[in-house]
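# Sharing a model that was predicted from the sequence below.
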Amino acid sequence: MPPSSGAYCRVLGPARVTINGADAPPEILWRKHLALLVYLARSPRRGRTREHLLGLLWSDRDERQARHSLSEALRVMRRALGDEAVQADVDQVRLEADALALDTDLFSERSERGDWAGAASLVEGMFLEGLSIPEANEFETWLAAERTEWGARGVAALVRHADALLAAGDAGGAAAEGRRALAIDRTAEVAARTAMRALALMGDRSGALRIADDLGRALEGELGAVPTPETTRLAERIREARVGRRVAAAPPAARARPPLVGRAAELNVLGAAWGRARAGTGQIVLIEGEPGEGKSRLLDELVARARLDDATVAAARAVPADQGVAWSALAGILAGGLADAPGLTAAPPAALAALGTLDAGLAARAGAGAATSVALPAAASAAMRAAAEERPLLLALDDAQWIDPQTLALLPAMARDAARWPMLLALGVARGAPDDARFDELRSRLERDLQGAVVRVGRLDEAALRALVAWALPQYREEETGRLQRRIERDTAGIPLLAVAMLEAVGQGFQLNPEAPAWPAAQRTLVDSLPNDLPAAVIGTICLRFRTLPAGAQQVLGAAAAIDQRVEPATLAAATGLELPRVTEALDLLEWERWVAADARGYALSTPIVRAILLQEMITPGQARRYRAAVLP
């Protein structure tokens with residue numbers, strides 16, 4: 001916003017001059033009048049000799065005409081800015097220090113104090129965009145230099161702001177700022193990479209790749225160059241539409257994923273831990289939250305960012321049945337990416353052979369006759385070290401409260417060993433679950449002798465809920481947004497899963513009961529409320545969301561809820577009677593919309609809240625029995 005008092009000139013984009021908040025007289029914007037005004041304001045001590053100014057702007061005229069034109073320009077400036085603002089004598093022309101404020105000066109002040117959002121807000125295009133005085137060669141040379149300098153500074157500020165937005169979870173805002181930077185400099189690779197990362201995290205893979213293609217054409221056409229290997233590799237990572245069972249871009253007809261709001265502090269902690277791990281100081285983080293509060297979403301965000309960082313990522317998810325299977329969590333990490341990690345072949349053959357007892361593919365690569373004398377803990381340590389020495393390594397294990405005792409006992413040693421390597425071990429733990437206390441020792445050690453952090457995910461606050469309302473219902477006026485935000489907070493207690501479901505339902509016409517009591521009741525947690533004490537509005541919105549799914553996806557989701565364990569697509573095909581390609585298509589949609597969670601070993605319901613509601617309201621006991629009978633002993 002321009003200041004409301006004094007004269008102000010915007011030059012970082014199409015020029016505009018205001019005086020006390022109102023537009024200046026139009027003659028001040030005539031080409032040479034504007035050029036003189038800005039040139040003086042950007043000059044040392046805001047002054048120049050008359051001869052210099054005549055040669056700069058009026059060298060195409062004879063001396064009498066040139067001096068008359070300069071005098072006329074000074075008259076226009078005095079009339080607009082005030083007689084005291086412009087000082088001129090027979091030799092010198094000077095602007096008073098407070099006669100005119102430039103946005104470039106404000107930009108510099110904000111940049112110096114690290115206010116990148118404020119600096120970026122001033123950038124609206126190239127320096128004096130649209131201004132050209134072809135007959136004034138010296139001025140055009142100066143203008144080109146200013147455009148180069150301020151273009152680079154503007155792009156840098158926009159990228160810094162975009163990076164900050166992305167770090168806070170605002171991928172949409174980051175993509176917009178990256179595109180603004182590219183509008184200034186089509187060849188700015190750092191801006192292109194920021195926009196590509198942001199769009200990829202939003203699931204807009206095609207948009208990210210279009211930016212990569214546009215960048216390649218601009219570099220070749222304007223500079224005769226090609227993208228750097230860093231940009232090329234990022235594009236390659238984005239082109240991977242599927243990572244194992246997980247889809248990296250929105251399937252056809254899928255809902256847009258909601259923005260990650262209200263998690264800036266948590267993302268900053270995770271980002272800092274990942275940064276330290278990439279720099280060589282291994283870390284362990286516990287991400288804790290009640291069901292529906294968003295711990296899995298936060299862990300997914302960390303995994304997605306690490307993949308774009310060209311790291312090795314091994315991701316798995318535990319289910320209750322895993323507690324009874326020795327080393328099942330370690331097997332999941334192997335299947336989830338560690339067994340295929342670049343650099344793993346550098347591990348001792350005996351260690352690979354030992355791990356091959358948990359992973360058939362790794363056993364085949366190790367060779368049938370390989371010795372397996374190494375114990376699994378030592379083998380796991382050797383494999384992680386070999387992988388981390390090739391590339392930074394992220395091991396992500398969600399719903400870790402269900403992991404087997406053998407892997408749980410290994411975690412402190414893994415964390416201790418990881419401190420010497422570029423590796424991050426990230427564990428998502430459901431707070432309030434019966435086995436939550438199994439991690440007490442690890443929590444206490446994180447505050448003493450293990451490097452890392454505990455990230456506790458909570459309910460969304462008022463500002464985050466308002467941001468969600470604005471995303472879901474952008475047509476709402478301010479008072480409507482506030483009213484709905486307060487109602488969502490009362491009905492969902494700020495639980496992200498429920499808030500998003502309710503907003504999507506309201507957008508589809510769902511009517512909220514104005515008489516519904518606040519929820520949950522005092523002193524009761526979400527876990528305590530399951531399965532029969534959920535408010536009617538929550539149940540109704542989840543049911544509406546289920547009914548809007550395609551028929552095949554409803555069947556697949558119903559079968560997954562009834563079976564209630566990790567399942568393969570073939571199992572769901574047998575349970576539903578659907579053809580396997582149709583089941584796979586449905587699972588892509590369900591995984592993208594976070595009804596189910598996927599890892600290399602199969603699919604499971606993403607949260608007990610959804611399962612409780614579906615089995616209570618949408619799936620009859622007879623249907624559930626038929627689904628189970630088709631696949632379970």
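Arrived safely, thanks for sending. Everything quoted here is computed from the prediction, not taken from an experiment.

# Which residue ranges make up the domains of the chain?
Following automatic domain parsing, one gets these domains for the chain: 7-121, 151-247, 264-456, 545-631.

# For my notes, please list these in CSV and give mean neighbour count, distance to Ile495 and mean pLDDT for each entry.
(C-beta placed from N, C-alpha, C; glycine too.) What follows is the domains of the chain, written out as CSV (neighbours: other CB atoms under 10 Å; distance: least, CB to CB, whole Å; pLDDT from 0 to 100):
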stretch, mean neighbour count, distance to Ile495, mean pLDDT
domain 7-121, 17, 29, 92
domain 151-247, 20, 17, 94
domain 264-456, 20, 4, 89
domain 545-631, 20, 8, 93
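
# Phe18 contacts Ala7, doesn't it?
Phe isn't right for residue 18; it's Thr. Yes: the pair Thr18 / Ala7 is scored as a contact, 7.3 Å apart, by CB atoms under 8 Å.

# what touches both of the two?
With contacts taken as CB atoms under 8 Å, 6 or more residues apart in numbering, Thr18 and Ala7 have Ala24 as neighbours in common.

# possible to save the domains of the chain as a markdown table with distance to Thr481?
Shown next, in a markdown table, are those (distance: least, CB to CB, whole Å):
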| stretch | distance to Thr481 |
| --- | --- |
| domain 7-121 | 22 |
| domain 151-247 | 18 |
| domain 264-456 | 20 |
| domain 545-631 | 21 |
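
# Ok, which of those domains comes nearest Glu479?
Ranking the domains of the chain by proximity to Glu479 (CB to CB) places domain 151-247 first, at 24.3 Å.

# Endpoints of the closest one, how far apart?
The straight-line separation of the ends of domain 151-247 (CA to CA, to the nearest Å) is 37 Å.

# Check stretch 329-346 too.
End-to-end distance of stretch 329-346 (CA to CA): 23 Å.

# How far off centre is that stretch?
26 Å (CA atoms, centre = their mean, to the nearest Å).

# Tell me which residues are up against it.
Residues from elsewhere that reach stretch 329-346 (CB under 8 Å, 6+ apart): 244, 312-318, 322, 352, 355, 358-359, 361-362, 376, 380, 383-384, 386-391, 393, 395, 397, 400, 403-404, 406-408, 410, 599-601.

# so of those residues, which ones are in strands?
Using DSSP state E, the members of these that fall in strands are 312-317, 393, 395, 397, 599.

# Looking at this protein, which helix is longest?
Identified as the longest helix of the chain according to DSSP state H is helix 137-167.

# Okay, helices next: where are they in the stretch 101-250 of the chain?
103-112, 116-121, 137-167, 171-184, 189-202, 205-218, 229-239 (DSSP state H, counting those that start in this stretch).

# Just put those in JSON lines and tack on distance to Pro621.
Shown next, in JSON lines, are the helices of the stretch 101-250 of the chain (distance: least, CB to CB, whole Å):
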{"stretch": "helix 103-112", "distance to Pro621": "63"}
{"stretch": "helix 116-121", "distance to Pro621": "55"}
{"stretch": "helix 137-167", "distance to Pro621": "47"}
{"stretch": "helix 171-184", "distance to Pro621": "42"}
{"stretch": "helix 189-202", "distance to Pro621": "40"}
{"stretch": "helix 205-218", "distance to Pro621": "41"}
{"stretch": "helix 229-239", "distance to Pro621": "45"}
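
# Mind checking these for the one nearest to Thr49?
Counting by CB to CB, Thr49 lies closest to helix 137-167 out of the helices of the stretch 101-250 of the chain; the figure is 13.5 Å.

# Now do the contacts for the nearest residue to Ala191 once chain neighbours are set aside.
The shortest distance from Ala191 to any non-neighbouring residue, by CB to CB, 6 or more residues apart in numbering, is to Ala181 (3.6 Å). Taking CB under 8 Å, 6+ apart, we find Ala181 in contact with 154-155, 158-159, 162, 188, 191, 194-195.

# per-residue pLDDT, Pro514?
In this model, Pro514 is scored at 64, pLDDT.

# Could I get the phi/psi values of Ile619?
In terms of degrees, to the nearest 10, the main-chain angles of Ile619 are phi -120, psi 120.
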